[in-house]
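*Asks:* got a sequence here, can you build the structure:
(one chain, ligands or ions: 1)
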Amino acid sequence: MLENYGFPGGLMIGTDSHTPNAGGLGMAAIGVGGADAVDVMAGIPWELKAPKVIGVKLTGKLSGWASPKDVILKVAHILTVKGGTGAIVEYFGPGLDSVAATGMATIANMGAEIGATCSTFPYNARMAEYLRATERAGLASAADSFKEHLQPDAGAPYDSLIEINLSELEPMVNGPMTPDLGNPISKLGANAKAAGWPLPVSAGLIGSCTNSSYEDLARSASLVQQALDAGYKFPVPFNVTPGSEKVRATIARDGIAAVFEKAGATVLANACGPCIGQWNRSDVPAGTPNTIVTSYNRNFAKRNDGNAGTHAFVTSPELATALAIAGRLDFNPLTDTLPLPNGKSLKFAPPKGKELPTKGFESGEDTFQAPPADGSKQSVAVAPTSQRLQLLAPFDKWSGKDFSGLPVLIKAKGKCTTDHISMAGPWLKFRGHLENISNNMLIGAENADTGAINAVKSQLDGSVGKVPDVARSYKAAGKSWVVIGDENYGEGSSREHAALEPRYLGGRAIVVKSFARIHETNLKKQGMLPLTFVNAADYDNVTGADAVDILGLTSFAPGKNLTMRVHKAGGKGSVDIPVAHTFNEEQIMWFKAGSALNFMKANMK
Ligand code: SF4
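*Replies:* Predicted coordinates for the structure are as follows:
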């Protein structure tokens with residue numbers, strides 16, 4: 001995104017976390033679900049309730065160990081994972097001059113973790129340098145010619161304002177299990193001991209679309225070189241994921257990859273890799289508590305290696321590297337000296353590395369395959385026996401009646417990210433096969449009634465089964481169902497399978513205390529009803545053993561609440577609970593048509 005598509009002052013809609021990266025070039029680059037992106041490509045306007053604007057004023061100067069990642073880790077700690085919901089975060093102030101465009105991209109990338117619509121920056125000389133280095137000097141000149149319009153208005157008001165002095169910014173290590181639990185490096189050891197987090201670091205992972213710029217990897221390699229000079233290598237597995245082919249080819253040419261490899265690290269393909277769970281980890285048995293340090297943007301349970309015992313911490317690539325070299329979480333590379341097995345000791349000098357390669361970027365391998373000039377005669381042939389690909393069939397239309405007698409499939413407790421709803425890792429191979437990937441639906445969610453994971457009681461026969469299996473049994477019995485959820489339901493990846501799967505297996509409504517923005521829209525697109533408790537305390541008035549009616553659908557209208565009638569288990573009466581929604585007129589048409597795709601198709605005829 002940053003290398004090819006971003007430009008100052010533009011607006012971009014795209015999928016997943018690499019899209020917000022383009023904020024680093026002064027765009028409003030907004031991450032959306034796949035269905036939203038497809039709609040935009042089909043010429044359908046993308047809608048968003050006018051966002052608030054959170055201002056982040058940066059003063060001082062980044063230097064030494066402090067990095068752009070620490071800015072967003074600090075902001076995430078202040079705002080929490082839902083603090084940016086419904087808001088654009090606008091960074092400004094003199095401190096920005098000490099942040100490279102790729103650093104701003106890191107900050108913008110991880111803005112998704114606080115729920116922000118997007119994060120953006122005023123156009124500055126650092127962006128122009130990056131545009132020139134990536135062969136887009138024309139764009140830099142064009143932006144220079146009207147740069148006064150690419151700045152915040154003087155005295156612009158913000159809905160809220162955060163100030164960070166970069167000269168005083170302490171490197172952060174956020175986690176475990178959530179990216180907003182901030183630990184300044186000087187307190188990390190004490191916090192870990194107090195909380196009982198495993199102190200030995202079992203693996204380090206750097207890169208991903210969040211933190212894989214030339215500068216990130218060069219600075220990290222400078223630390224690795226210090227260890228090599230002291231006759232020391234990584235004591236634990238260390239994986240480096242270049243974020244693009246350009247970066248992969250350039251770090252290979254400039255010997256940066258070789259420094260990592262000499263110290264025992266593995267340079268992986270330039271893909272998501274372990275950031276999305278593509279990590280066939282065999283060194284730590286499943287369930288074993290252990291600590292990993294990464295420079296990724298998310299650290300929810302099981303996200304990287306599928307192990308619920310893994311305590312993942314997100315930090316800068318530099319700190320991830322130093323902590324992996326030390327092999328301990330209670331090592332502070334800013335102050336501590338590391339005794340080495342060879343009798344020497346290592347006191348790290350602060351990391352350093354060039355922002356941009358002196359010899360320019362290598363373009364790497366060109367793997368682009370152009371589509372045929374005339375696509376109208378193309379057909380899509382999928383083998384019916386394929387386990388990886390399956391053609392989608394349209395979802396059924398709304399019957400025109402209120403829903404009644406829908407069993408609660410699961411009442412989920414606590415954090416329920418899209419990784420909990422549709423796990424990645426080994427499941428990704430089924431992304432093109434809705435029937436097969438639906439076997440992972442909600443297998444990571446905690447059952448609020450029992451505390452169990454992937455175990456719910458069927459209201460058909462009282463047996464306890466896996467969540468997708470019980471959902472399938474309801475579907476086979478012709479029963480639709482609902483899910484009850486907690487706060488910020490569906491945070492994390494934009495993963496639309498987290499909406500497709502419940503719809504496919506017979507879900508009708510997801511009723512929660514609050515939603516993450518993208519997931520809420522994804523559910524609407526698939527013809528589901530994302531609803532929120534008007535009174536959050538009503539979450540306690542429903543259990544996984546109850547059944548519900550959704551009333552008011554025959555007069556479904558924007559801004560008008562619906563009612564969820566909860567029929568208590570065992571015939572113990574019913575209670576009416578008001579539930580709110582954010583559907584607009586067109587989105588209500590999606591619901592009525594069965595999905596946004598159905599609606600679009602009907603309107604194309
Ligand atoms: S999985 Fe990781 S590397 Fe891939 S797009 Fe998402 S955040 Fe970026």
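*Asks:* show me this protein divided up by domain.
*Replies:* 11-169, 173-346, 403-604 (automatic domain parsing).
*Asks:* could you dump those to TSV with mean pLDDT?
*Replies:* TSV is the format used below for the domains of the chain (pLDDT from 0 to 100):
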stretch	mean pLDDT
domain 11-169	94
domain 173-346	96
domain 403-604	96
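*Asks:* same list, those domains, but as a markdown table with mean neighbour count please.
*Replies:* The way it works is simple: take the backbone N, C-alpha and C, and place the C-beta from them, glycine included. Putting these into a markdown table (neighbours: other Cβ atoms under 10 Å) gives the following:
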| stretch | mean neighbour count |
| --- | --- |
| domain 11-169 | 20 |
| domain 173-346 | 21 |
| domain 403-604 | 20 |
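*Asks:* for Phe348, give me its contacts.
*Replies:* 223, 226, 322, 333, 338 (Cβ atoms under 8 Å, 6 or more residues apart in numbering).
*Asks:* take the domains of the chain and lay them out in JSON lines including distance to Met1.
*Replies:* What follows is those, written out as JSON lines (distance: least, Cβ to Cβ, whole Å):
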{"stretch": "domain 11-169", "distance to Met1": "4"}
{"stretch": "domain 173-346", "distance to Met1": "8"}
{"stretch": "domain 403-604", "distance to Met1": "14"}
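*Asks:* mind putting those domains into CSV with distance to the ligand?
*Replies:* Below are the domains of the chain laid out as CSV (distance: least, Cβ to the nearest ligand atom, whole Å):
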stretch, distance to the ligand
domain 11-169, 4
domain 173-346, 3
domain 403-604, 6
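*Asks:* of those, which is nearest Ser363?
*Replies:* domain 173-346 (6.2 Å; Cβ to Cβ).
*Asks:* now, the contacts of Phe348 that are in helices?
*Replies:* 223, 226, 322 (DSSP state H).
*Asks:* quick one: contacts for the residue nearest to the last one when sequence neighbours are not counted?
*Replies:* Just to be clear, that refers to Ala322. Nearest residue to Ala322, sequence neighbours excluded (Cβ to Cβ, 6 or more residues apart in numbering): Pro333, at 3.9 Å. Counting by Cβ under 8 Å, 6+ apart, Pro333 touches 65, 185, 223, 319, 322-323, 326, 348.
*Asks:* what is the nearest of these to Met27?
*Replies:* Among those, and counting by Cβ to Cβ, the member closest to Met27 is Leu319, at 28.1 Å.
*Asks:* mind checking the SS state of the closest one?
*Replies:* With DSSP: H, G, I helix; E, B strand; the rest coil as the basis, Leu319 sits in helix.
*Asks:* check Gly451 too.
*Replies:* Quick answer, by three-state DSSP: Gly451 is coil.
*Asks:* wait, isn't Ser212 in contact with Gly243?
*Replies:* Yes. With contact defined as Cβ atoms under 8 Å, Ser212 counts as touching Gly243 (3.2 Å).
*Asks:* can you pull the phi and psi angles for Met600?
*Replies:* phi -60, psi -40 (degrees, to the nearest 10).
*Asks:* any idea how far Lys397 is from it?
*Replies:* As for Met600, its distance to Lys397 is 14 Å (criterion: Cβ to Cβ, to the nearest Å).
*Asks:* likewise for Ser244?
*Replies:* 43 Å.
*Asks:* check Lys187 too.
*Replies:* Taken as Cβ to Cβ, the span from Lys187 to Lys397 is 56 Å.
*Asks:* do the same with Ser202
*Replies:* In terms of Cβ to Cβ, Ser202 sits 51 Å off from Lys397.
*Asks:* got it, and Phe313?
*Replies:* Counting by Cβ to Cβ - Phe313 and Lys397 are separated by 47 Å.
*Asks:* for Val566, helix, strand, or coil?
*Replies:* strand.
*Asks:* can you list the neighbours in contact with stretch 229-237?
*Replies:* 201-204, 224, 227, 262-266, 283, 324-325, 327, 340-342, 344-346.
*Asks:* and the strands in the stretch 151-300 of the chain?
*Replies:* Here the stretch 151-300 of the chain has its strands, by DSSP state E, counting those that start in this stretch, at 160-165, 172-174, 182-184, 201-207, 238-241, 266-267, 290-294.
*Asks:* now render these as CSV, adding distance to Asn307.
*Replies:* Formatted as CSV, the strands of the stretch 151-300 of the chain follow (distance: least, Cβ to Cβ, whole Å):
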stretch, distance to Asn307
strand 160-165, 34
strand 172-174, 19
strand 182-184, 21
strand 201-207, 10
strand 238-241, 15
strand 266-267, 19
strand 290-294, 8
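*Asks:* who wins for proximity to Gly111 among those strands?
*Replies:* The nearest among those, by Cβ to Cβ, is strand 160-165 at 12.6 Å.
*Asks:* show me the longest strand that occurs in the protein.
*Replies:* strand 403-413 (DSSP state E).
*Asks:* partner strands of it, parallel or antiparallel?
*Replies:* Applying DSSP bridges to the sheet, strand 403-413 is found paired with strand 446-447 (antiparallel), strand 481-485 (parallel), strand 547-551 (antiparallel).
*Asks:* just after it, pick out the following helix or strand.
*Replies:* helix 418-421 (DSSP states H and E).
*Asks:* can you list the helices and strands that that following helix packs against?
*Replies:* helix 497-504 (3 or more Cβ pairs under 8 Å, 6 or more residues apart in numbering; DSSP states H and E).
*Asks:* quick one, the helix it packs on and strand 481-485 angle?
*Replies:* Computed by axes from the mean of the first three to the mean of the last three Cα atoms, to 10 degrees, the angle separating helix 497-504 from strand 481-485 equals 150 degrees.
*Asks:* I'd like the next helix or strand past helix 497-504.
*Replies:* strand 507-512.
*Asks:* of the strands of the stretch 151-300 of the chain, which approaches Ile443 most closely?
*Replies:* Closest of the strands of the stretch 151-300 of the chain to Ile443 is strand 290-294, at 21.4 Å (criterion: Cβ to Cβ).
*Asks:* quick check: closest non-adjacent residue to Phe348.
*Replies:* Pro333 (4.6 Å).
*Asks:* spit out the contact partners of the residue of the chain positioned farthest from its centre.
*Replies:* Centroid-distance maximum for the chain: Gly343 at 42.7 Å, with Cα atoms, centre = their mean. Contacts for Gly343 (Cβ under 8 Å, 6+ apart) come out as none.
*Asks:* SS state for it?
*Replies:* Using three-state DSSP, the secondary structure recorded for Gly343 is coil.
*Asks:* and what of Pro468?
*Replies:* helix.
*Asks:* got the phi/psi numbers for the nearest residue to it once chain neighbours are set aside?
*Replies:* Ranked by Cβ to Cβ, 6+ apart and with sequence neighbours excluded, the top spatial neighbour of Pro468 is Met441, at 4.6 Å. Note on Met441: its backbone torsions stand at phi -60, psi 120 [degrees, to the nearest 10].
*Asks:* residues contacting Met441?
*Replies:* Applying Cβ under 8 Å, 6+ apart, the residues near Met441 are 421-422, 467-468, 471, 501-502, 505.
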